[in-house]
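J.: Return a 3D structure for these sequence lines:
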Amino acid sequence: MKLYEHSAKEIFKNEGIAIPEGEIARSGKEAEQIAQKLGKAVAIKSQVLVGGRGKAGGIKFADNPQEASKIAQKLLATSIKGEKVNKVLVEHKAQIKQEFYLSVAVDRSYKQPLIMASAEGGVDIEELALNSPEKIIKYHVNPMEQFLPYQAREIARKMGVDSKLISPVGGIIWKLFQVYNKYDAQLAEINPLVLTPEGVLAADAKLDLDADAIYRHPDLKDLEEFESEEFAYVKLDGDIAVIGNGAGLTLTGMDMIKLNGGEPATFLDIGGGASAELIKKALNKVIEHPPVKVIFLNVLGGITRADDVAQGIIDALKDSSREVKLVIRLTGTNEEKGQQILSKAGIPYETSMEDAAQKAVEICKSL
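T.: Down below sits the predicted model:
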């Protein structure tokens, strides 16, 4: 479960990591009032759950409240990588002297948490790893041992920070690891961590939590993000959206698309027992993703009933924001009833996953 920047920052703040002062705005007027309250130049940051918002124009700066209002209004009327901007974070514009990168993530190869740190922040870590890997410090933490503050300070020292910064930067590394551990995170990241006249601050924050561990954190169930996580959804680089009921079936559908020369645009697992309403939401979700040209819906009904799937498809197509070609593989529980519903609505379907995947790729290539 990915958290919005403002939610992640609130958690960081509660765990002792300093952040810029700011508040959420959902209108230009609210942004103006917050900027007036802060009394300083502000950063206005789109709150979306996708990366690359800075390059996409989702972060702007304003010198006064009136300018903040205008910028917020523009951002709230846009989408970033297919995600509508419904709120912005208005916060004090930091006077940055230096930027750093910090993260803690799961390293599945080593089966250990991995701390990555660099004296060069504010850049794509993938590009830095590719072009200057020596600038990234990597430190694996033994999950059977306690990670101690002196180890965090040693990481800061290896980063090459000024001697006066070893203790404060090391302290934030240690606190970031505590956040990662305490909240069952898959990723806890600060990029950039910035040095300002007021001290070292987390100018940005990412927190990706293990959805299967949310039951251990009942306080997080009040977050807006918790309500929006209804299915497993990942955006990819292709143009054929793949939806399936079950992770294995969805991945198999993606493999079939690749085998036939296509490129998946999404992984979306609706899970077992999906209702017609959830099918509708899943279809609308991928339709809203601009790169999608064709949707491959791959359903093998077990707990999920084929007639519910069919009804969800019809409801989604009625309310669709744009026209996207749809290829359906539908079989399993109540398949005859589901297929009848589709036929009556004039919607074609397949019973073979292989045939449906091939058809989806052919249609996509013809567009």
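J.: which residues sit against the longest helix anywhere in the chain?
T.: Longest helix of the chain, by residue count under DSSP state H: helix 166-182. By Cβ atoms under 8 Å, 6 or more residues apart in numbering, the list of residues contacting helix 166-182 from outside reads 11-12, 15-17, 100, 102-104, 113, 115, 117, 141, 147-149, 151-157, 159, 161, 185, 188, 190, 193, 199-200, 202, 207. For every residue, glycine as well, the C-beta is placed using N, CA and C.
J.: and it, how far out from the chain's middle?
T.: Put simply, helix 166-182 sits 23 Å off its chain's centre (Cα atoms, centre = their mean, to the nearest Å).
J.: Can you give me the buried ones in it?
T.: By 16 or more other Cβ atoms under 10 Å, the buried positions in helix 166-182 come out as 166, 168-180.
J.: OK, contacts around residue 76?
T.: With the criterion set at Cβ under 8 Å, 6+ apart, residue 76 makes contact with 26, 27, 28, 85, 86, 87, 88.
J.: hmm, I was thinking of residue 275
T.: 308, 312 are the contacts of residue 275 under Cβ under 8 Å, 6+ apart.
J.: From residue 242, how far off is it?
T.: 20 Å (Cβ to Cβ, to the nearest Å).
J.: Which SSE is immediately downstream of the helix or strand residue 328 falls within?
T.: Using DSSP states H and E, residue 328 sits in strand 325-332. Per DSSP H and E, the first helix or strand lying C-terminal to strand 325-332 is helix 335-344.
J.: now the angle from the next helix or strand after that following helix to strand 325-332?
T.: Later in the chain than helix 335-344, the nearest helix or strand by DSSP H and E is helix 353-366. Following axes from the mean of the first three to the mean of the last three Cα atoms, to 10 degrees, one obtains 180 degrees for the angle between helix 353-366 and strand 325-332.
J.: ok, residues contacting helix 353-366?
T.: 239-240, 252-253, 256-257, 259-262, 293-296, 298, 300, 325, 327-329, 350.
J.: rerun at 6 Å
T.: 239-240, 256-257, 260-262, 293-294, 296, 298, 325, 327, 329, 350 (Cβ atoms under 6 Å, 6 or more residues apart in numbering).
J.: same thing with stretch 51-66?
T.: Against stretch 51-66 from outside (Cβ under 6 Å, 6+ apart): 32, 35-36, 41-46, 68, 71, 80, 93.
J.: Most widely separated two among the residues you listed?
T.: 36 and 80 (26.4 Å; Cβ to Cβ).
J.: So between these two, which is more surrounded?
T.: residue 80 (21 against 14; other Cβ atoms under 10 Å).
J.: distance of that one from residue 267?
T.: Applying Cβ to Cβ to residue 80 and residue 267 gives a distance of 20 Å.
J.: now do residue 94
T.: 36 Å.
J.: same question, residue 142
T.: Residue 142 is 32 Å from residue 267, by Cβ to Cβ.
J.: Tell me which of these two has more neighbours.
T.: residue 267 (19 against 10).
J.: Let me see the backbone angles for that one.
T.: phi -110, psi 120 (degrees, to the nearest 10).
J.: Show me the strands in the stretch 51-200 of the chain, by range?
T.: 59-62, 79-80, 83-84, 88-92, 98-107, 112-118, 136-140, 185-196, 199-202 (DSSP state E, counting those that start in this stretch).
J.: Save those as TSV, and put in mean pLDDT and distance to residue 5 too.
T.: As requested, those are exported to TSV (pLDDT from 0 to 100; distance: least, Cβ to Cβ, whole Å):
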stretch	mean pLDDT	distance to residue 5
strand 59-62	97	10
strand 79-80	88	13
strand 83-84	84	13
strand 88-92	97	6
strand 98-107	96	15
strand 112-118	97	19
strand 136-140	96	23
strand 185-196	96	11
strand 199-202	96	10
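J.: from the ones you listed, which stretch is densest packed?
T.: strand 88-92 (a mean of 25; mean count of other Cβ atoms under 10 Å).
J.: How many residues are close by residue 46?
T.: 27.
J.: Over to residue 356?
T.: 23.
J.: Ok, residue 45 next?
T.: Neighbours around residue 45, by other Cβ under 10 Å: 25.
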